[in-house]
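Novice: Sequence and computational prediction follow.
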Amino acid sequence: YELESIPEPDFFRHVTRAFPNLIFHSDLTFRRFQGSYQERRNDVVKHLGELNDHFLREYRAASAVGRVSDVESHFGARGVCGVSAESVKTHRNTAAMRLRDVEFNGRRVSCEWHTKLRPEIDRIHFAFGDTLGEKILIGIFVDHLLT
């Protein structure tokens, strides 16, 4: 993406080749981030690459030993911050949790897991498991959702 300077209108045309383990929701747009496409592209590509290449394996390994919280530190050490599910506080807020839902293949899917492009703003929300099999659904690009 960076080397060929893929422009924003073409970003999603190339994602299935670049990230074969990810599924991209049709409503995704960089315009929901606070930063511009040029400002966010490289970070988004890094986060998507890490999710594509490592997330399911790391999640399963951490889950198998009852340490899902280790997922965040693993990815943080790789330069991808905030890879985590929503907090207990957010789970208690029904309206906030609904904001994480996307319609996918006729079903409502909760994209409660997210990465943080910046500590205070710009999130990539995603879902995995259930009918997604070995894929991860990238469901929401957003500056920040209600918690």
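Specialist: Looks like it came in fine.

Novice: quick one: Glu8 and Phe30 touch, right?
Specialist: Yes. If you go by Cβ atoms under 8 Å, Glu8 and Phe30 touch, sitting 6.0 Å apart. In short, each C-beta sits where N, CA and C put it, glycine included.

Novice: biggest helix in the protein by residues?
Specialist: In the chain, with assignment by DSSP state H, the single longest helix is helix 37-50.

Novice: Roughly how far does Pro55 sit from Leu146?
Specialist: Quick fix: residue 55 is Phe, not Pro. According to Cβ to Cβ, to the nearest Å, Phe55 stands 25 Å off from Leu146.

Novice: More neighbours: which of those two?
Specialist: For Phe55 versus Leu146, neighbours defined as other Cβ atoms under 10 Å are more numerous around Phe55 (22 against 11).

Novice: which non-adjacent residue is nearest Arg78?
Specialist: Glu50 (6.0 Å; Cβ to Cβ, 6 or more residues apart in numbering).

Novice: picking that back up, mind listing what's buried along the longest helix of the chain?
Specialist: For helix 37-50, the neighbour count (16 or more other Cβ atoms under 10 Å) marks 37, 40-41, 43-50 as buried.

Novice: Who are the packing partners of that helix?
Specialist: helix 15-18, strand 123-128 (3 or more Cβ pairs under 8 Å, 6 or more residues apart in numbering; DSSP states H and E).
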